[in-house]
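A.B. asks: Sharing a model prediction with you, sequence too.
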Amino acid sequence: MQPHDLIDSARFLANAQRGKPSQANLRRAVSTAYYAMFHCLAKSCADLLVGGANAGRSKPAWRQVYRALDHKPCAASCKDNIIKKFPKPIEDFANTFVTMQEKRHSADYDPFIVVAKSSVLQDIAIVERAIIAFKSAPTKDKRAFCAFVLFKKRV
(Lines give C-alpha, C1' and ligand atoms only; values in the text may rest on other atoms or scores of the structure.)
Protein backbone atom coordinates (compact mmCIF):
# COMPACT_ATOMS: atom_id res chain seq x y z
CA MET A 1 0.00 0.00 0.00
CA GLN A 2 1.50 3.28 -1.09
CA PRO A 3 0.98 6.32 1.14
CA HIS A 4 0.50 8.69 -1.81
CA ASP A 5 -2.30 6.45 -3.13
CA LEU A 6 -4.04 6.74 0.22
CA ILE A 7 -3.58 10.52 0.20
CA ASP A 8 -5.16 10.59 -3.27
CA SER A 9 -8.04 8.43 -2.00
CA ALA A 10 -8.58 10.73 0.98
CA ARG A 11 -8.75 13.77 -1.31
CA PHE A 12 -11.11 11.94 -3.65
CA LEU A 13 -13.44 11.13 -0.75
CA ALA A 14 -13.37 14.70 0.56
CA ASN A 15 -14.14 16.07 -2.91
CA ALA A 16 -16.39 13.24 -4.13
CA GLN A 17 -19.55 15.31 -4.35
CA ARG A 18 -20.37 18.74 -5.58
CA GLY A 19 -21.21 21.07 -2.78
CA LYS A 20 -21.31 19.60 0.67
CA PRO A 21 -19.82 16.09 0.83
CA SER A 22 -21.46 13.42 2.96
CA GLN A 23 -20.23 12.91 6.50
CA ALA A 24 -19.48 9.30 5.57
CA ASN A 25 -17.06 10.43 2.86
CA LEU A 26 -15.45 13.05 5.08
CA ARG A 27 -15.03 10.58 7.93
CA ARG A 28 -13.52 7.99 5.62
CA ALA A 29 -11.17 10.68 4.29
CA VAL A 30 -9.89 11.39 7.82
CA SER A 31 -9.39 7.69 8.45
CA THR A 32 -7.65 7.20 5.10
CA ALA A 33 -5.29 10.12 5.75
CA TYR A 34 -4.25 8.52 9.04
CA TYR A 35 -3.69 5.20 7.29
CA ALA A 36 -1.42 6.94 4.78
CA MET A 37 0.84 7.81 7.72
CA PHE A 38 0.53 4.37 9.26
CA HIS A 39 1.44 2.55 6.05
CA CYS A 40 4.26 5.00 5.34
CA LEU A 41 5.74 4.14 8.71
CA ALA A 42 5.13 0.38 8.37
CA LYS A 43 6.82 0.38 4.96
CA SER A 44 9.73 2.44 6.28
CA CYS A 45 10.18 0.03 9.19
CA ALA A 46 10.26 -2.98 6.88
CA ASP A 47 12.49 -1.34 4.25
CA LEU A 48 14.96 0.02 6.79
CA LEU A 49 15.18 -3.07 8.97
CA VAL A 50 14.89 -5.86 6.36
CA GLY A 51 15.67 -4.14 3.06
CA GLY A 52 13.95 -2.42 0.19
CA ALA A 53 12.49 -4.04 -2.91
CA ASN A 54 15.89 -4.35 -4.64
CA ALA A 55 17.79 -5.58 -1.59
CA GLY A 56 17.28 -9.30 -2.07
CA ARG A 57 15.14 -9.27 1.06
CA SER A 58 13.16 -12.10 2.56
CA LYS A 59 9.50 -11.42 1.79
CA PRO A 60 8.26 -13.23 4.92
CA ALA A 61 10.68 -11.23 7.11
CA TRP A 62 9.71 -7.98 5.40
CA ARG A 63 6.01 -8.75 5.84
CA GLN A 64 6.56 -9.63 9.51
CA VAL A 65 8.22 -6.28 10.23
CA TYR A 66 5.58 -4.41 8.19
CA ARG A 67 2.80 -6.09 10.16
CA ALA A 68 4.59 -5.67 13.51
CA LEU A 69 3.73 -1.98 13.73
CA ASP A 70 0.88 -1.69 16.23
CA HIS A 71 -1.30 1.42 16.36
CA LYS A 72 -1.61 2.01 20.10
CA PRO A 73 2.01 1.28 21.14
CA CYS A 74 3.24 3.31 18.16
CA ALA A 75 1.22 6.33 19.25
CA ALA A 76 2.46 5.90 22.83
CA SER A 77 6.04 5.91 21.56
CA CYS A 78 5.31 9.02 19.50
CA LYS A 79 4.19 10.78 22.70
CA ASP A 80 7.41 9.88 24.55
CA ASN A 81 9.75 12.79 25.34
CA ILE A 82 12.58 11.04 23.48
CA ILE A 83 10.85 12.10 20.26
CA LYS A 84 12.25 15.61 20.86
CA LYS A 85 15.75 14.18 20.30
CA PHE A 86 14.92 13.22 16.71
CA PRO A 87 15.29 15.65 13.79
CA LYS A 88 12.33 17.99 13.27
CA PRO A 89 10.83 16.08 10.31
CA ILE A 90 10.60 12.93 12.45
CA GLU A 91 9.32 14.82 15.49
CA ASP A 92 6.67 16.48 13.30
CA PHE A 93 5.73 13.12 11.79
CA ALA A 94 5.32 11.62 15.29
CA ASN A 95 3.17 14.53 16.48
CA THR A 96 1.01 14.42 13.36
CA PHE A 97 0.68 10.65 13.71
CA VAL A 98 -0.73 11.05 17.24
CA THR A 99 -3.10 13.83 16.20
CA MET A 100 -4.36 11.93 13.16
CA GLN A 101 -4.83 8.73 15.13
CA GLU A 102 -7.03 10.63 17.58
CA LYS A 103 -8.98 12.17 14.69
CA ARG A 104 -9.35 8.73 13.07
CA HIS A 105 -10.76 7.30 16.28
CA SER A 106 -13.31 10.10 16.43
CA ALA A 107 -14.18 9.78 12.75
CA ASP A 108 -14.55 6.00 12.95
CA TYR A 109 -16.22 5.59 16.33
CA ASP A 110 -17.95 8.78 17.51
CA PRO A 111 -21.49 8.72 16.13
CA PHE A 112 -22.04 12.41 16.93
CA ILE A 113 -18.94 13.99 15.43
CA VAL A 114 -19.43 16.30 12.46
CA VAL A 115 -16.38 17.05 10.34
CA ALA A 116 -15.97 19.97 7.99
CA LYS A 117 -14.62 19.56 4.48
CA SER A 118 -12.14 22.41 5.01
CA SER A 119 -10.72 20.73 8.12
CA VAL A 120 -10.42 17.39 6.37
CA LEU A 121 -8.61 18.92 3.39
CA GLN A 122 -6.29 20.76 5.77
CA ASP A 123 -5.55 17.50 7.64
CA ILE A 124 -4.82 15.72 4.37
CA ALA A 125 -2.35 18.47 3.38
CA ILE A 126 -0.66 18.29 6.80
CA VAL A 127 -0.34 14.51 6.52
CA GLU A 128 1.09 14.79 3.02
CA ARG A 129 3.70 17.33 4.15
CA ALA A 130 4.61 15.21 7.19
CA ILE A 131 5.13 12.14 4.99
CA ILE A 132 7.26 14.03 2.47
CA ALA A 133 9.41 15.54 5.23
CA PHE A 134 9.73 12.19 7.01
CA LYS A 135 10.92 10.50 3.83
CA SER A 136 13.60 13.19 3.40
CA ALA A 137 14.99 12.71 6.94
CA PRO A 138 18.39 11.02 7.30
CA THR A 139 18.21 7.24 6.99
CA LYS A 140 19.99 6.64 10.31
CA ASP A 141 17.39 8.74 12.13
CA LYS A 142 14.45 7.07 10.38
CA ARG A 143 15.92 3.67 11.23
CA ALA A 144 16.28 4.67 14.88
CA PHE A 145 12.71 5.99 14.94
CA CYS A 146 11.44 2.76 13.40
CA ALA A 147 13.21 0.72 16.07
CA PHE A 148 11.80 3.03 18.72
CA VAL A 149 8.17 2.62 17.59
CA LEU A 150 8.42 -1.10 16.86
CA PHE A 151 10.11 -2.48 19.93
CA LYS A 152 8.99 -2.45 23.52
CA LYS A 153 10.99 -0.03 25.64
CA ARG A 154 13.00 -1.75 28.38
CA VAL A 155 14.59 0.07 31.30
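C.D. replies: Here it is on my side, so go on. Numbering: from 1, shown residues only.
A.B. asks: Give me the distance between Arg154 and Ile90.
C.D. replies: To Ile90, Arg154 is 22 Å away according to CB to CB, to the nearest Å. Quick note: C-beta positions are derived from backbone N, CA and C, even for glycine.
A.B. asks: Settle it for me: which of those two has more neighbours?
C.D. replies: Ile90 (23 against 4; other CB atoms under 10 Å).
A.B. asks: Show me which residues of the host helix or strand of that one are buried.
C.D. replies: Assessed by DSSP states H and E, Ile90 sits inside helix 88-109. Within helix 88-109, the residues that qualify as buried are 89-94, 96-101, 103-105, 107, counting by 16 or more other CB atoms under 10 Å.
A.B. asks: Out of those, flag the one nearest to Phe134.
C.D. replies: Phe93 (4.1 Å; CB to CB).
A.B. asks: Contact partners for that closest one?
C.D. replies: Neighbouring residues of Phe93 by CB atoms under 8 Å, 6 or more residues apart in numbering: Met37, Leu41, Ala130, Ile131, Ala133, Phe134, Phe145.
A.B. asks: So for the second one, what's the pLDDT?
C.D. replies: Meaning Leu41. For Leu41, the model assigns a pLDDT of 98.
A.B. asks: Skipping its backbone neighbours, what lies nearest Leu13 in space?
C.D. replies: Of all residues not flanking Leu13 in the chain, Ala29 sits nearest, at 4.0 Å (CB to CB, 6 or more residues apart in numbering).
A.B. asks: And the helices in the protein?
C.D. replies: 3-14, 23-49, 59-68, 71-79, 88-109, 117-136, 139-150 (DSSP state H).
A.B. asks: Next, name the residue at the spatial heart of this protein.
C.D. replies: Compute the mean C-alpha point of the chain, and by CA atoms, centre = their mean the closest residue is Met37, 1.5 Å away.
A.B. asks: so it sits right up against Asn95, yeah?
C.D. replies: No - using CB atoms under 8 Å, Met37 is not in contact with Asn95, being 11.0 Å away.
A.B. asks: which one is Ala53 nearest to, not counting chain neighbours?
C.D. replies: Nearest in space to Ala53, with sequence neighbours left out and distances taken as CB to CB, 6+ apart, is Asp47 at 8.0 Å.
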